[in-house]
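Asker: Got a predicted structure plus its sequence, pasted below:
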Amino acid sequence: MSVYISIICFLIYLGFLFILQKKGKSFNVRVVAGLFGGIVFGAILKAVTDDAAVTQSIHWISLVGTAYTKLLKMMVIPLIFVSIVCAIINQKSGKNLGKITALVLVVLLSTAAVAAVVGGATAMAFHVSAEGLEIGEAESKKTSQLEEKAQDGLSIEDTIIDIIPANPIAALSGQGSNATLSVVFFAAFLGIGLIGVRTYAPEQAEFFTKLMNSLNTLVVEVVMMIIMLTPFGIFSLMTKTIAGSDYTSILRLVTFVLASYIAILIMFIIHGLILAAVGISPLIYFKKAMTTLVFAFTSRTSAGTLPLTIRTLTDDMGVDSGVSNLAGSLSTSIGQNGCAAIYPAMLAVMVAPSVGQPITVSFFITMVIVITFASIGIAGVGGGATFAGIIVLSALGLPVGIAGLLVGIEPVIDMARTALNVSDGMITGLVTAKMTNNIDMNVYNNKSLNLEKKSASAK
C-alpha cells in the first residue's frame, strides 16, 4: 500500500511542477523546486517506509529521471557530430580551429593537473587512509572485479589511441570506450575535408554545407524540447538518490566523503578565480550555470549533461557555438577535474602508505603527471571515476582494489564530482572564447537567461 501512496505523491508533485511552468515561473525556479522537492520527498520516503517498499517505489519513480537522462544521451552524438562539422565548415571559428583546439586542450589538462594537486593535498590534510577499513560482501565483489580489469592491460597509451575510430559508424552509434572523442575526431576530419572540396567542387560543398546547417538547426530544436523537461527529471533523479543512498557506508567513510567535498569546493573556487583572471565575472557564471550544474549533480553523467552544457554556453553566456561545442565535447572525456583528477589523486594518497610507499615530493609530482595524461579518454558516464582510478593506480604500481572499498559511497561523491566535471567544460569554453575573441560579453553580462525566454515561449 505504501508503494502506491509514494507513487501517487510523486505524481502529484510532478503536477505541481507542471503548474509552475504554466504559471510562467522561471526555469531556474522550477529546477530548484525539482531539486529540493526530490531531497525532501526522498528523505521522507526513506524514513517512513521499509527497504522493500523503498526499492519498489524507486523502481517506478526513477522511470521519469531515467527517461529524461536517456533522451539527453540520445542527442549527445548527433549534437557533437553536426556541431563540430558546422563549426568548421561555417568558418567563423573553423579558421582558427587549430588555435582554439590547442587552447581548449591546454586549459582542460592544466585544470586537471591543478585538481590532482588539490585532491592529493586535501587527502593528506584529512589523513585519509586505507588501513583499518572494513570490507563487506559488496565491496569484496567490487574489489575482485577491479583487480580483474587491471589485469586486462589497461594503459594510458591504449586509451589515447582508441580515440581514433577504426569504424566511424560504430563510434556514431556510441560504441567504444572513447565514442565521444572518436566522433569529435571523425567530425573534424569531415569538416576539414569539406573545406578542401570547396576548392574544386564548390556546388557540392555548398549543398553539403546547407544540409549540415539544416541538421544542426533541427538537432538544436530537439535538444531544447528535451531541456524543458529538466525540472521533472531532476525531481525524479534526486528522489532516487536520497531514498536509495547507503547511509551506513557513508558514515563509515565519512572522512573520505568530507575530504572529497572540500576538495571539490576548493576546485570550484579555483574555477571562479580562473574566470576572474581573464576578465569574466564568476558571480554571473555561477548564476547562469546553476541549472546545468544541478542536473549534472543529480544525473551523475557529464556526457548526458552535454546538451545542457552547450546550450548554456551558447545561449546564456554568449560563447561562439563552435567553441562551445568543441570545449563541451572534449571536456566529457578529457581533463575531468572531479572524476579523472581529484578522485584518483585521493585514492593514490589513500593507498600508497598502506603498501609502504611514502608520500614524497617526487611521488606526488609523478602522481600529478600521470593523472594529467590519464585524464584523456575517461568517459563522462557513471563508473568513469573508477576507470580513472584503475588506470592511475596501475600506472603508479599500486593495488587497485582500494576502489572497491568505496562502492557504498560512490553515488554520494559522484554527484559533486560530475558537477565539477561539467563546470570545467564550461570554464574551458569561456576562457578559450575570451582569449580568442569568440564571446559576446553583452550576452554574458545580461542578467536574464535566454533559456528562460525559450521556456516561456514553449508554454
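Answerer: Alright, I've got the coordinates.
Asker: center of this structure - which residue?
Answerer: In the chain, the centroid-proximal residue (Cα atoms, centre = their mean) is residue 302; its distance is 2.0 Å.
Asker: and residue 416, how far is that from residue 268?
Answerer: 9 Å (Cβ to Cβ, to the nearest Å). Backbone N, C-alpha and C define where each C-beta goes, glycine included.
Asker: nope, residue 196 is what I was after
Answerer: With Cβ to Cβ as the criterion, residue 196 and residue 268 are 43 Å apart.
Asker: and the two? which has more neighbours close in?
Answerer: residue 268 (21 against 10; other Cβ atoms under 10 Å).
Asker: residues in contact with the more buried one?
Answerer: 420, 423 (Cβ atoms under 8 Å, 6 or more residues apart in numbering).
Asker: okay, it: pLDDT?
Answerer: With respect to pLDDT, residue 268 scores 97.
Asker: what's the longest helix in the chain?
Answerer: What stands out as the longest helix in the chain, according to DSSP state H, is helix 51-89.
Asker: Tell me which helix or strand comes right after that helix.
Answerer: Where DSSP states H and E defines the elements, the next helix or strand beyond helix 51-89 is helix 97-125.
Asker: before we move on, what SS does residue 129 have?
Answerer: coil (DSSP: H, G, I helix; E, B strand; the rest coil).
Asker: if I look at it, how far off is residue 354?
Answerer: 7 Å.
Asker: ditto for residue 38
Answerer: Counting by Cβ to Cβ, the gap from residue 38 to residue 354 is 38 Å.
Asker: For the helix or strand harbouring residue 285, output the C-alpha coordinates as PDB.
Answerer: According to DSSP H and E, residue 285 maps onto helix 282-299. Provided in PDB are the C-alpha atoms of helix 282-299 (Å, rounded to 0.1, in the frame of the first residue of the first chain):
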ATOM      1  CA  PRO A 282      32.500  34.400 -11.600                       C
ATOM      2  CA  LEU A 283      29.200  35.500 -10.000                       C
ATOM      3  CA  ILE A 284      27.400  35.700 -13.300                       C
ATOM      4  CA  TYR A 285      28.900  32.400 -14.300                       C
ATOM      5  CA  PHE A 286      27.700  30.500 -11.300                       C
ATOM      6  CA  LYS A 287      24.200  32.100 -11.600                       C
ATOM      7  CA  LYS A 288      23.900  31.100 -15.300                       C
ATOM      8  CA  ALA A 289      25.500  27.700 -14.900                       C
ATOM      9  CA  MET A 290      23.300  26.700 -11.900                       C
ATOM     10  CA  THR A 291      20.700  24.700 -13.800                       C
ATOM     11  CA  THR A 292      23.300  22.800 -15.800                       C
ATOM     12  CA  LEU A 293      25.300  22.000 -12.600                       C
ATOM     13  CA  VAL A 294      22.200  20.900 -10.700                       C
ATOM     14  CA  PHE A 295      21.300  18.500 -13.500                       C
ATOM     15  CA  ALA A 296      24.900  17.200 -13.600                       C
ATOM     16  CA  PHE A 297      24.800  16.800  -9.800                       C
ATOM     17  CA  THR A 298      21.600  14.700  -9.900                       C
ATOM     18  CA  SER A 299      22.200  12.700 -13.100                       C
END
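Asker: Can you spell out which helices and strands pack onto whichever helix or strand comes after it?
Answerer: Next helix or strand after helix 282-299 toward the C-terminus (DSSP H and E): helix 302-311. On a contact count with 3 or more Cβ pairs under 8 Å, 6 or more residues apart in numbering; DSSP states H and E, helix 302-311 meets helix 51-89, helix 202-227, helix 282-299, helix 321-331, helix 410-435.
Asker: ok, now with 10 Å
Answerer: Judged by 3 or more Cβ pairs under 10 Å, 6 or more residues apart in numbering; DSSP states H and E, helix 302-311 is in contact with helix 51-89, helix 179-197, helix 202-227, helix 282-299, helix 321-331, helix 410-435, helix 450-457.
Asker: Out of those helices, flag the one nearest residue 360.
Answerer: helix 410-435 (26.8 Å; Cβ to Cβ).
Asker: so that closest one versus helix 302-311, what angle?
Answerer: Helix 410-435 and helix 302-311 meet at an angle of 30 degrees, taking axes from the mean of the first three to the mean of the last three Cα atoms, to 10 degrees as the criterion.
Asker: Next, the buried residues of helix 410-435.
Answerer: For helix 410-435, burial by neighbour count (16 or more other Cβ atoms under 10 Å) applies to 410-434.
Asker: likewise stretch 362-378?
Answerer: In stretch 362-378, counting by 16+ other Cβ under 10 Å, buried: 363-364, 367-368, 370-378.
Asker: Just send these back as TSV, with pLDDT, secondary structure and distance to residue 229 too.
Answerer: Compiled in TSV, these are given as follows (pLDDT from 0 to 100; DSSP: H, G, I helix; E, B strand; the rest coil; distance: Cβ to Cβ, whole Å):
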residue	pLDDT	secondary structure	distance to residue 229
363	92	helix	47
364	94	helix	45
367	93	helix	41
368	95	helix	40
370	91	helix	40
371	91	helix	36
372	92	helix	37
373	87	helix	38
374	84	helix	35
375	83	coil	31
376	82	coil	33
377	68	coil	31
378	68	coil	28
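Asker: Mind picking the one among the residues you listed that's closest to residue 63?
Answerer: Using Cβ to Cβ, those come closest to residue 63 at residue 378, 28.8 Å.
Asker: since we're on residue 271, how many residues are nearby?
Answerer: With other Cβ under 10 Å as criterion, residue 271 counts 26.
Asker: swap in residue 438?
Answerer: With other Cβ under 10 Å as criterion, residue 438 counts 20.
Asker: residues touching residue 338, list them.
Answerer: 115, 119, 260, 263-264, 267-268, 296, 302, 384-385, 388, 413-424 (Cβ atoms under 10 Å, 6 or more residues apart in numbering).
Asker: tell me the contacts of the nearest residue to it once chain neighbours are set aside?
Answerer: Spatial nearest neighbour of residue 338, chain neighbours left out: residue 417 (3.1 Å); criterion: Cβ to Cβ, 6 or more residues apart in numbering. Counting by Cβ under 10 Å, 6+ apart, residue 417 makes contact with 260-261, 263-264, 267, 296-297, 300, 302, 336-343, 384-385, 410.
Asker: can you name the farthest residue from the center of the protein?
Answerer: residue 200 (41.4 Å).
Asker: Dihedrals phi and psi, residue 439?
Answerer: Main-chain dihedrals, residue 439, degrees, to the nearest 10: phi -140, psi 140.
Asker: For it, give the beta-bridge partners.
Answerer: residue 319 (DSSP bridges).
Asker: Settle this for me: it is touching residue 321, isn't it.
Answerer: No - at 11.4 Å, residue 439 does not count as touching residue 321 under the criterion of Cβ atoms under 10 Å.
Asker: what sits in contact with each of those two?
Answerer: residue 313.
Asker: Tell me which of these two has more neighbours.
Answerer: residue 439 (23 against 20).
Asker: Contacts only, for that one.
Answerer: Here residue 439 is in contact with 280, 313, 317-320, 323-324, 429-433 (criterion: Cβ under 10 Å, 6+ apart).
Asker: do that again at 7 Å, thanks
Answerer: 318, 319, 320, 430, 433 (Cβ atoms under 7 Å, 6 or more residues apart in numbering).
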